[in-house]
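1. how does the following fold in three dimensions:
(one chain, ligands or ions: 1)
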Amino acid sequence: MKIYEKAPAKINLMLDVLHKRPDGYHEVEMIMTMVDLADRLEMEALSRDTIIISSQAGYIPLDEKNLAFQAAKLIKERYNVRSGVYIHLDKNIPVAAGLAGGSSDAAATLRGLNRLWDLNIPVEELKQLGAELGSDVPFCITGGTALATGRGEQLTPLPNPPQCWVVLAKLPINVSTAEIYGRFRSDQVKEHPSADRMRTAIERSSFPEVCGELGNVLEEVTLRLYPEVAHLKETMLKLGADGVLMSGSGPTVFGLVSKESKAFRIYNGLRGFCKEVYAVRLLT
Ligand code: ATP
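-> Residues are numbered from 1 along each chain as shown. Predicted structure coming up:
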């Protein structure tokens, strides 16, 4: 039997880092939502007790470093599953891009294997398993829109923002999330974005207010290291995006756009100098 799971990319509408905790993690406040740019996972039960990962993407690990492998191993061990699984990752989400591609693959693996192996694990338990794999995994289990606090794993569901176009562009730079957090200094933050104001904008379903409240304190770190990301942001704004922000620790920059014609003008404008550009809708 084969089953399929969609693993969408996430964007941060706001991201604030409050402080570094004694356990080494940063205390964050983020509002995250999903966009309709997704990996597709194909899972097939194997009678042999093994986990096999394949992908058309040549640039991700296929061994125990792959987050889908780690998710399969975790659920298999925790629930004493004796059979194996073959997982094919059809990757569409850019890698190491600030779009949580690996976390979303891990979440899709947990959801998929729960079905494939008839484990009937409740969603809250799946989220707890996910938190063992990475801070963004619990959000990716259910998706939607949420306020994430703690190290990102404590979730408060929110309504979805007003529907719009999202133009995403990723320059050919690989950014390490750990390095960006490592270089982050809270005393260098000029302006903290507000989770409360973004939440109100979303609850009011006001597109201009959502655009006005976009903010990510990690931008200062990544833009200082990679000025071309700042240039990409400016270009997107010049081309007419209603709001522009870097997602996560970068380097992907996204623009929110209300009109389809404008979204494709920006898409075409960026394709001139950026190979990885996407124009998608919010996943609402
Ligand atoms: P985040 O926003 O959560 O920091 P990201 O989008 O920046 O994530 P990923 O695409 O998840 O980054 O990849 C981060 C690293 O994880 C890469 O170095 C990649 O080699 C590795 N990795 C492991 N499993 C996967 C997977 N299934 N898909 C993509 N990358 C993976």
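2. so what secondary structure elements neighbour the worst-scoring helix or strand of the chain on mean pLDDT?
-> Averaged element by element with mean pLDDT, DSSP states H and E, the chain has its least confident helix or strand at helix 177-183 (a mean of 93). Judged by 3 or more C-beta pairs under 8 Å, 6 or more residues apart in numbering; DSSP states H and E, helix 177-183 is in contact with helix 219-225. (C-beta placed from N, C-alpha, C; glycine too.)
3. which other residues reach the least confident helix or strand of the chain?
-> 17, 26, 98, 218, 221-222, 225, 248-250 (C-beta atoms under 8 Å, 6 or more residues apart in numbering).
4. hmm, try it at 7 Å
-> 26, 218, 221-222, 248-249 (C-beta atoms under 7 Å, 6 or more residues apart in numbering).
5. which ones are touching the nearest residue to residue 107 once chain neighbours are set aside?
-> Distances taken as C-beta to C-beta, 6 or more residues apart in numbering put residue 140 closest to residue 107, at 3.4 Å, once the chain neighbours are dropped. Neighbouring residues of residue 140 by C-beta under 7 Å, 6+ apart: 10, 100, 103-104, 107.
6. does residue 140 count as helix, strand or coil?
-> Here residue 140 is recorded as helix under DSSP: H, G, I helix; E, B strand; the rest coil.
7. near the ligand, which of the contacts of helix 177-183 show up?
-> 248-249 (C-beta under 6 Å from any ligand atom).
8. of the contacts of helix 177-183, which pair is most distant in space?
-> 26 and 222 (14.9 Å; C-beta to C-beta).
9. and the gap between the residue in the stretch 51-200 of the chain that the ligand sits nearest to and residue 94?
-> At 2.7 Å from the ligand, residue 102 is the closest residue in the stretch 51-200 of the chain, using C-beta to the nearest ligand atom. Counting by C-beta to C-beta, to the nearest Å, the gap from residue 102 to residue 94 is 11 Å.
10. who has more neighbours out of those two?
-> Neighbour comparison, residue 102 and residue 94: the larger count goes to residue 102, with 28 against 23 (by other C-beta atoms under 10 Å).
11. how many neighbours does residue 56 have?
-> 9.
12. might you report the residue contacts of it?
-> Counted by C-beta under 7 Å, 6+ apart, residue 56 has contacts 90-91.
13. for the protein, which segments are assigned as helices?
-> 67-78, 101-116, 123-133, 137-142, 177-183, 195-203, 207-212, 219-225, 227-238, 260-271 (DSSP state H).
14. tell me which of these lies nearest to residue 3.
-> Here helix 101-116 is closest among these (C-beta to C-beta), at 5.3 Å.
15. now for that closest one, which elements pack on it?
-> strand 2-20, strand 26-46, helix 67-78, strand 84-90, helix 123-133, helix 137-142 (3 or more C-beta pairs under 7 Å, 6 or more residues apart in numbering; DSSP states H and E).
16. go through the fifth one and flag the buried ones.
-> Yep, that's helix 123-133 we're talking about. Of the residues in helix 123-133, 126-127, 129-131, 133 count as buried by neighbour count, 16 or more other C-beta atoms under 10 Å.
17. JSON lines for those residues, including distance to residue 184?
-> Shown next, in JSON lines, are the buried residues of helix 123-133 (distance: C-beta to C-beta, whole Å):
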{"residue": "126", "distance to residue 184": "30"}
{"residue": "127", "distance to residue 184": "26"}
{"residue": "129", "distance to residue 184": "28"}
{"residue": "130", "distance to residue 184": "24"}
{"residue": "131", "distance to residue 184": "22"}
{"residue": "133", "distance to residue 184": "23"}
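18. show me the domain layout of this structure.
-> Under the assignment automatic domain parsing, the domains of the chain span 2-158, 165-281.
19. now render the contacts of residue 140 as CSV, adding distance to residue 199.
-> Listed next are the contacts of residue 140 as CSV, based on distance: C-beta to C-beta, whole Å:
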residue, distance to residue 199
10, 17
100, 20
103, 22
104, 23
107, 23
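20. contact partners for the residue nearest to residue 194 when sequence neighbours are not counted?
-> Closest residue to residue 194 apart from its sequence neighbours, by C-beta to C-beta, 6+ apart: residue 213 at 6.6 Å. The contact partners of residue 213, by C-beta under 7 Å, 6+ apart, come to 14, 193-194, 197-198, 201.
21. need the residues of the stretch 151-284 of the chain near the ligand, please.
-> 177, 248-249.
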